[in-house]
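**Student:** Here is a sequence together with a model predicted from it:
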Amino acid sequence: MPVRNLTVAIEDAPEKAGPRARPKVGFVSLGCPKNLVDSEVMMGMLADGGAELVARAEDADVIVVNTCSFIASAQQESVDTILEMARHKTDGRARKLVVAGCLVERFRDDIRKNIPEVDAVVGTGELEKILAAAGVTPTPSKSSPFTILTSRPEGDAREAQGRFSRESWDGAIADLPNYLYDEATPRVLATPGYTAYIKIAEGCDHPCSFCIIPQLRGKFRSRRFESVIAEAERLARSGVREITLIGQDTTCYGEDFGLKDGLALLLEKLAAINDLRWIRFLYAYPNKITARLLETIAAHQKICSYVDVPLQHASATALKRMKRGGGADVFLRSIEKMRTTIPGVTLRTSFIVGFPGETEDEFEQLCEFVRQAEFDWMGTFGYSDEEGAQAFALDAKLPPREIERRRKHLMQIQRRISKKRKKALVGQEFELLLEGVSEESELLLAGRTAMHAPEIDGKVFVNDLPDALQPVPGEFYRCRITEAHDYDLVAEII
Ligand code: SF4
């Protein structure tokens with residue numbers, strides 16, 4: 001889980017001259033892009049209410065840490081960050097420390113009890129409370145919360161079975177989050193001006209036995225179709241050229257409204273927005289990828305030929321224990337279908353290794369599947385034992401060293417595959433979104449092609465460009481791949 005200190009361009013935040021001093025608020029956003037959007041919404045509400053957003057904790061009167069609580073390492077990182085920021089209260093200028101996000105949903109009372117420097121907590125379903133927490137007066141016209149009351153029959157059934165219960169969690173309140181922002185909610189982008197995430201849904205109804213996200217984020221609910229389009233149009237007008245749709249499961253989009261193939265319909269509509277250049281979605285659920293969705297991706301140039309489908313495992317018996325279903329054969333057939341329907345499609349997935357009871361044979365099935373499937377991008381996580389997840393009660397837990405051995409082994413297999421696939425791109429031409437000077441060297445520029453989702457995939461380094469060209473970050477250029485490494489590419493602008 002990447003740590004992100006938000007460097008917010010102050011000119012992005014609307015100016016509001018108030019009768020009293022504007023509190024300076026600094027944000028640290030941890031975890032995934034879904035959490036980042038929550039941070040952006042909270043920053044928008046604060047800026048709208050008259051706060052000044054600052055990029056450095058040293059300059060802040062109020063520091064907000066938006067936490068992640070997905071797995072143990074993310075919880076630890078969140079606690080470490082809170083303690084680090086608490087020092088600005090004892091030794092620096094900060095007057096208030098606010099903790100927001102998933103850690104609050106999991107350990108609300110414990111945070112208040114054990115970290116006395118924390119002045120307020122804000123759960124994932126109560127983002128508007130950031131205003132009172134930071135001492136900012138709300139502007140009711142824009143900042144009113146948008147609470148969704150739709151649900152899917154699957155979600156209702158799983159709720160009745162106790163899927164969302166937090167009763168066994170000390171320090172958590174019983175109420176599930178039920179909030180989702182809309183197009184009228186103020187939002188300050190923390191991403192560069194040419195790219196933005198749009199959260200199209202929140203929560204998750206799936207029963208995956210290793211996962212506590214449904215208890216942390218609540219039942220699945222979608223944003224209204226028109227709300228997503230209105231936000232995309234506004235972003236496009238403000239200069240955004242790349243939109244990445246996110247949610248815990250984007251492929252269920254619209255099912256709570258009774259919409260069939262909602263994501264495909266949404267993508268089609270977004271592709272008609274003139275100023276957008278690249279549109280993609282992340283986090284597809286394997287059995288929710290329909291023929292219509294694939295055909296829609298194939299039919300529109302603006303929709304990136306890119307499918308991110310976290311499969312979690314490939315052994316049918318391990319997947320059954322994970323409460324996910326599927327297996328190597330089904331997945332290989334589905335991958336084949338994606339590759340025939342969308343020629344040149346880029347495929348990303350992620351796996352969990354060392355799930356309780358994972359035998360050598362099941363692990364080998366996973367390795368063999370990875371060799372056959374030849375993904376373009378792949379992430380591997382070692383199993384993390386989460387209290388409150390069903391898998392917590394399973395026997396046959398694997399020792400951490402063995403989990404790590406398996407993780408490294410699987411990534412080694414993927415490294416060879418990645419190298420081969422990247423090598424095959426040498427000599428080919430692509431559209432490149434230039435991002436600026438590379439973090440690795442001032443002598444190189446860096447960018448992405450449609451094969452690269454923001455922040456998670458490798459990079460394209462640019463080491464050559466026409467003499468007369470003044471490269472501009474956020475602009476698109478034609479490039480030719482000249483070199484390939486394990487994960488990264490080198491290109492020339494032509
Ligand atoms: S689909 Fe994803 S978010 Fe939902 S329960 Fe499974 S792993 Fe968790």
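**Tutor:** Alright, I've got the coordinates. Model, not experiment: these values are computed from the prediction.

**Student:** contacts, neighbours, all on C-alpha from now
**Tutor:** Fine.

**Student:** Contact partners for the closest residue to residue 246 other than its chain neighbours?
**Tutor:** Closest residue to residue 246 in three dimensions, ignoring its sequence neighbours and counting by CA to CA, 6 or more residues apart in numbering: residue 199, at 4.8 Å. Contact analysis of residue 199 by CA atoms under 8 Å, 6 or more residues apart in numbering lists 34, 37, 245, 246, 247.

**Student:** hmm, 6 Å instead?
**Tutor:** With contact taken as CA atoms under 6 Å, 6 or more residues apart in numbering, residue 199 is in contact with 245, 246, 247.

**Student:** Now do the residue lying closest to residue 382 once chain neighbours are set aside against the ligand, distance only.
**Tutor:** Leaving out its chain neighbours, the residue that sits closest to residue 382 by CA to CA, 6+ apart is residue 353, at 5.1 Å. Look at residue 353 and the ligand: by CA to the nearest ligand atom, to the nearest Å, they are 14 Å apart.

**Student:** Would you mind listing what in this protein touches the ligand?
**Tutor:** Within the chain, the positions adjacent to the ligand are 204, 206, 207, 208, 211, 213, 214, 248 by CA under 6 Å from any ligand atom.

**Student:** moving C-terminal of the lowest-mean-pLDDT helix or strand in the chain, what's the next helix or strand?
**Tutor:** Lowest by mean pLDDT, DSSP states H and E among the helices and strands of the chain is strand 3-5, with a mean of 44. Per DSSP states H and E, the first helix or strand lying C-terminal to strand 3-5 is strand 24-30.

**Student:** Given that next one, what are its sheet partners and their directions?
**Tutor:** strand 3-5 (antiparallel), strand 52-54 (parallel), strand 62-67 (parallel) (DSSP bridges).

**Student:** Just the C-alphas of that strand, formatted as PDB.
**Tutor:** Presented in PDB, the C-alpha positions along strand 24-30 are these (Å, rounded to 0.1, in the frame of the first residue of the first chain):
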ATOM      1  CA  LYS A  24      -4.300  25.500   7.200                       C
ATOM      2  CA  VAL A  25      -5.000  21.800   6.600                       C
ATOM      3  CA  GLY A  26      -2.400  19.200   5.600                       C
ATOM      4  CA  PHE A  27      -3.400  15.700   4.400                       C
ATOM      5  CA  VAL A  28      -1.700  12.400   4.300                       C
ATOM      6  CA  SER A  29      -3.600   9.800   2.300                       C
ATOM      7  CA  LEU A  30      -2.700   6.200   2.700                       C
END
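
**Student:** Now the element after that strand, going C-ward?
**Tutor:** Assigned by DSSP H and E, the successor of strand 24-30 is helix 33-48.

**Student:** by how many degrees do that next one and strand 24-30 diverge?
**Tutor:** Angle of helix 33-48 versus strand 24-30, following axes from the mean of the first three to the mean of the last three CA atoms, to 10 degrees, is 170 degrees.

**Student:** now whichever residue of the stretch 301-450 of the chain sits closest to the ligand, nearest residue through space, not along the chain?
**Tutor:** Using CA to the nearest ligand atom, the closest approach of the stretch 301-450 of the chain to the ligand is made by residue 324 at 7.6 Å. The spatially closest residue to residue 324, leaving aside those adjacent along the chain, is residue 208, at 5.8 Å (CA to CA, 6+ apart).

**Student:** and after the helix or strand where residue 229 lies, which helix or strand comes next?
**Tutor:** Using DSSP H and E, residue 229 sits within helix 225-237. Downstream of helix 225-237, the next assigned helix or strand under DSSP H and E is strand 242-246.

**Student:** Return that following strand as PDB; C-alpha atoms alone will do.
**Tutor:** Output in PDB follows, covering the C-alpha atoms of strand 242-246 (Å, rounded to 0.1, in the frame of the first residue of the first chain):
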ATOM      1  CA  GLU A 242      -7.500  10.400 -18.600                       C
ATOM      2  CA  ILE A 243     -10.200   9.000 -16.400                       C
ATOM      3  CA  THR A 244      -9.800   5.800 -14.300                       C
ATOM      4  CA  LEU A 245     -13.100   4.400 -13.000                       C
ATOM      5  CA  ILE A 246     -12.800   2.700  -9.600                       C
END
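
**Student:** Need the contact partners of the next helix-or-strand element following that strand.
**Tutor:** Moving toward the C-terminus from strand 242-246, the next helix or strand (DSSP H and E) is helix 262-271. For helix 262-271, the external contacting residues (CA under 6 Å, 6+ apart) are 253, 254, 293, 302.

**Student:** Nearest to the ligand within the stretch 1-150 of the chain, name that residue for me.
**Tutor:** residue 70 (9.1 Å).

**Student:** Residue 307 against residue 347, yeah?
**Tutor:** Yes: counting by CA atoms under 6 Å, residue 307 does reach residue 347; the two are 5.1 Å apart.

**Student:** my read: the residue nearest to residue 324 touches residue 320, true?
**Tutor:** No: contact criterion CA under 6 Å: residue 208 and residue 320 do not qualify, at 9.5 Å.

**Student:** who's in contact with residue 354?
**Tutor:** 383, 403.

**Student:** ok, now how distant is residue 292 from residue 48?
**Tutor:** 40 Å (CA to CA, to the nearest Å).

**Student:** Give me the more crowded residue out of those two.
**Tutor:** residue 48 (25 against 13; other CA atoms under 10 Å).

**Student:** mind listing what's buried in the longest helix seen in the chain?
**Tutor:** Ordering each helix of the chain by length in residues (DSSP state H) puts helix 400-423 first. For helix 400-423, the neighbour count (16 or more other CA atoms under 10 Å) marks 403-404, 406-408, 410-411, 414-415, 417-423 as buried.

**Student:** now stretch 291-308
**Tutor:** Here stretch 291-308 shows 293, 294, 296, 297, 298, 302, 303, 304, 305, 306, 307, 308 as buried, counting by 16+ other CA under 10 Å.

**Student:** for it, how far is the first residue from the last?
**Tutor:** One end of stretch 291-308 sits 16 Å from the other (CA to CA).

**Student:** Give me the residues contacting it.
**Tutor:** 264, 271, 277-280, 282-283, 342, 345-349, 450.
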